[in-house]
Every structure is written in C-alpha cells, then in structure tokens.
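**Q** structure for this input, please:
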Amino acid sequence: MDLIPTPGQVVSAAGNVAHTVLHGGLADLRRMPRTLIDDGELREVYHYLPAPEVPQTGDPVLLVAPLAAPALCYDLRRGCSLVEHLVGGGRPTYLVDYGRVPLEDRTLGMEHWVDEVLPQAVRAVHEHSGGRGVHLVGWSLGGLFALLTAADPQDLPIASLTVVGSPVDVTKVPLVAPVRPLLDLTQGRGPVTRAYRALGGVPTSLVGWAFTAASAQQVVAKPLAVLTHLDDTDYLAQVEAVTRFMSNTTAYPGRSFGQLYHRFLEGDALVGGSTEIGGRTVDLAAIEVPVLVLAGNTDGIAPLPAVRPVVPLLSGSREVRFEIVPGGHLGMLTGRAARGTTWTTIDEWVEQWSAGPDPTGPRTIGANPSRRYGSAGSRSLGQR
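**A** Alright, predicted model coming up:
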C-alpha cells in the first residue's frame, strides 16, 4: 500500500479488515481432500483425491513430512498449496504423516523412520498407484530422511528424490554455529542432553521457539508489514496460514532428537557423507536415483552453505541438480513466489524422470534452459 493510499487501496484495505472481523480471516484453510491408504506405528499414508475435472496420470509423488513441523506445510492454504498444485496438474499425490509422537514412543530413534516408516510408505504408494515408480519430495528434515532411506539398499521403487531446504553441513546454520564449541566441551553430558532425556524429547513450545528465532527479523517486522499490506488480500491470507502452521509444531521424540543433536548438531556427521543408522553405516554415495536439491536464497534455518555440500556427496546418483529458489525455510516450499519457481522446478524434475527414461540417452551439464526465474548460483550436474 502506498504511503498515501489511493482510493482503490483504501477500499481494498477496508474490505480485508471487515472480512477478517466478520469471518475470522481471509485465508481458505481447508485441507485438500484425501483418503488413508496405509498406516502403522507413527505412519499414516494418504492419497489426495483427484480433482473431478483433472484425471490423474503418470508417476506418483510422495511428500515426506519432517519431524516436529506439521505436514500441512505441503497444504498450507488454498491457492498456495503444493498438494493443490500437484493434484490440479493431474499428478497422483500422496503424503506420509507421523502425527504427534506420544511420550511412550520417546525411545524411537531415526532408524524407525528410515527403516520402517518411509520404506513402508514407498511400497504402499507403489502398490496403490499400480506399480509405478515413486518420486519422493522431502522438506527440511523430511529431505534428510528421504536421502537416508534412498541410500540404504532396500530395493525400493524410488524413481527420483527432491530435497527442499535440507541442511547437510550444520556448522553453516546460524542458530547452531555459535553454540557448537560449547557442545564439544560437554562431550554429550551437558545440560541440553540432560534436559531432553528428562523431558523425553523436545517440547512443542521449544520447537515453535526455534522456528520463530530463525525468522526473528520477519517476526519483528510482521506488524508493520501487515499494516502496509492491508490492501493485499493474498499477502494477508499467507500471513494467516503461516501463523496457523507455526502454532501446529509438534514435539521431537527423545531418542531421535538425541541422535540429531549429537550426530548432526554436535558431530556434523552428514558433512562427510555417511552416518550410523540402526547399527550400520548409511552412505549418501550409495544413492543411485536422480536427486534434485533446492535451497532458499533467504533461508535462515538451512542457508545455501549448509545445503550445497550435499551435491558432491551424491557421487553415485545418475544425475544431481542444484537449484536456488526464492524464499526462506518455509517460503521456498510454500510461499507465494514458490508457485512459479519451486513448484514448476519440481514439476519438470518429476516429469523428466517419470516412466523410466532411456538410461543410454544423452545428459546435459549446465543450467536448465527452461528455468522461469533467475538463479545465479544454480546449476545442473550430470553424474556418470
């Protein structure tokens, strides 16, 4: 809205305020309709119902939820939902959700998700879709889970991977870097370790605080931003949807958080390309399927230097493509700009690797010629 609003802006702002007061908000927060096709311990696999006017065709996409952050990250609001976009494009779309991890499951480690939850979800989607290859899309920790699952030889029908904002080198994460020397000094016996063991995990309130701290600048500027965008219905709806997302964070189970804390935060295990899962070593170099790596240009939780190092670690992958897209940690996945950047890149990637491409076909090393946005640091890497 201009410093001196135009009559049209005043009318739009008044309409938005009135609608918010009378109806409780501007955002359409209805979730896309879905049906449960498989479930198990901390595993619910959903199939999103096709749009009546758009028949579903092609390989399925399985959206992999992270721990602690709600799975509605993929279905934030109507008009700004990756699920809605995929379904509207005729793509068979699925989601694996973990729900809220109860206290009695606090002893579950990361191997539960890597060995049980994701493999079973992939098999369920493969069967439900008529035996087609499954394209995994994972955001944040969901992307790391997808990488670790694909790296472990389980003969899974995975067609491709897309990892969105998944930090591999946590020494480059601003929230972690200042405290890592202190973590080294405690040698696993410090107050953080004692606290999460006593609590059985990381409470919801602390998870929400971490998301807020990572976007402190936006939080401080939020009131002024809302006032200056009172005439922008889409902007205000996005603010509402993000606020709902932040209020739905869940707790981390104790043992899983302990592994993340000691191996990734304290030990920076994945920067070397491998880590211990369930008593064995899982190496990212074992991933053979194509991998798309997306990094947000303003991501405070998984900045570019934390995400980019995964590229050389994927030496066994048929093709690795690295792209920089607009947005912060959540915005790169489901922000307003993602509709014309992140989502179209995922569309192109899934289509490229659907229905079994000719393994003897040519590969191009270089920038994507059909990119719809500028990205000076992006590149496509062909692995032989």
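**Q** how about Leu141: what's its closest non-neighbour residue?
**A** Pro66 (3.9 Å; C-beta to C-beta, 6 or more residues apart in numbering). All C-beta atoms are positioned from the backbone trio N, CA, C, and that covers glycine.
**Q** to clarify, my last question referred to Ala146.
**A** In space, and not counting its chain neighbours, Ala146 is closest to Gly138: 3.7 Å by C-beta to C-beta, 6+ apart.
**Q** restricting to C-alpha, output the host helix or strand of the one you found in CSV.
**A** Mapping Gly138 onto the secondary structure by DSSP states H and E places it in strand 134-139. Once side chains and other backbone atoms are set aside, the C-alpha atoms of strand 134-139 remain, and they are given as CSV (Å, rounded to 0.1, in the frame of the first residue of the first chain):
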residue,chain,number,x,y,z
VAL,A,134,7.6,-43.2,-6.6
HIS,A,135,9.1,-39.7,-6.6
LEU,A,136,10.0,-38.6,-3.1
VAL,A,137,9.8,-34.9,-2.1
GLY,A,138,11.1,-34.1,1.3
TRP,A,139,11.3,-30.7,3.0
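**Q** show me what that strand pairs with in its sheet, parallel or antiparallel.
**A** Strands adjacent to strand 134-139 in the sheet, as given by DSSP bridges, are strand 61-64 (parallel), strand 158-164 (parallel).
**Q** make JSON lines out of these and add distance to Gly331, mean neighbour count and mean pLDDT.
**A** JSON lines is the format used below for these (distance: least, C-beta to C-beta, whole Å; neighbours: other C-beta atoms under 10 Å; pLDDT from 0 to 100):
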{"stretch": "strand 61-64", "distance to Gly331": "17", "mean neighbour count": "28", "mean pLDDT": "98"}
{"stretch": "strand 158-164", "distance to Gly331": "11", "mean neighbour count": "26", "mean pLDDT": "97"}
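**Q** mind putting those strands in TSV, distance to Cys73 included?
**A** As requested, the strands paired with strand 134-139 are exported to TSV (distance: least, C-beta to C-beta, whole Å):
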stretch	distance to Cys73
strand 61-64	9
strand 158-164	10
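**Q** so which of these is nearest Val282?
**A** Taking C-beta to C-beta, strand 158-164 is the member of these nearest to Val282, at 14.2 Å.
**Q** list the contacts for the residue nearest to Leu141?
**A** The contact partners of Pro66, taken as C-beta atoms under 8 Å, 6 or more residues apart in numbering, are Cys73, Gly138, Trp139, Ser140, Leu141, Gly142, Gly143, Phe145.
**Q** of these, which is the nearest to Tyr48?
**A** Cys73 (14.6 Å).
**Q** what's the burial count for the residue nearest to Leu156 when sequence neighbours are not counted?
**A** The shortest distance from Leu156 to any non-neighbouring residue, by C-beta to C-beta, 6+ apart, is to Val122 (5.0 Å). Residues within reach of Val122, counting by other C-beta atoms under 10 Å, total 26.
**Q** quick check: Val122 touching Pro157?
**A** Yes - shown here, Val122 and Pro157 form a contact pair, counting by C-beta atoms under 8 Å, at 6.6 Å.
**Q** buried set for stretch 63-82?
**A** Judged by neighbour count (16 or more other C-beta atoms under 10 Å), stretch 63-82 contains these buried residues: 63-77, 80-82.
**Q** quick one: end-to-end length of it, please.
**A** According to C-alpha to C-alpha, to the nearest Å, stretch 63-82 extends 10 Å from its N-terminal end residue to its C-terminal end residue.
**Q** cool, and stretch 324-332?
**A** With C-alpha to C-alpha as the measure, the first residue of stretch 324-332 is 9 Å from its last.
**Q** what is the rounded mean pLDDT of it?
**A** The predicted model assigns stretch 324-332 a mean pLDDT of 94.
**Q** returning to that earlier point: dump the residue contacts of the residue nearest to Leu156.
**A** Neighbour list for Val122: Leu62, Val134, Leu136, Thr149, Leu156, Pro157, Ile158 [criterion: C-beta under 8 Å, 6+ apart].
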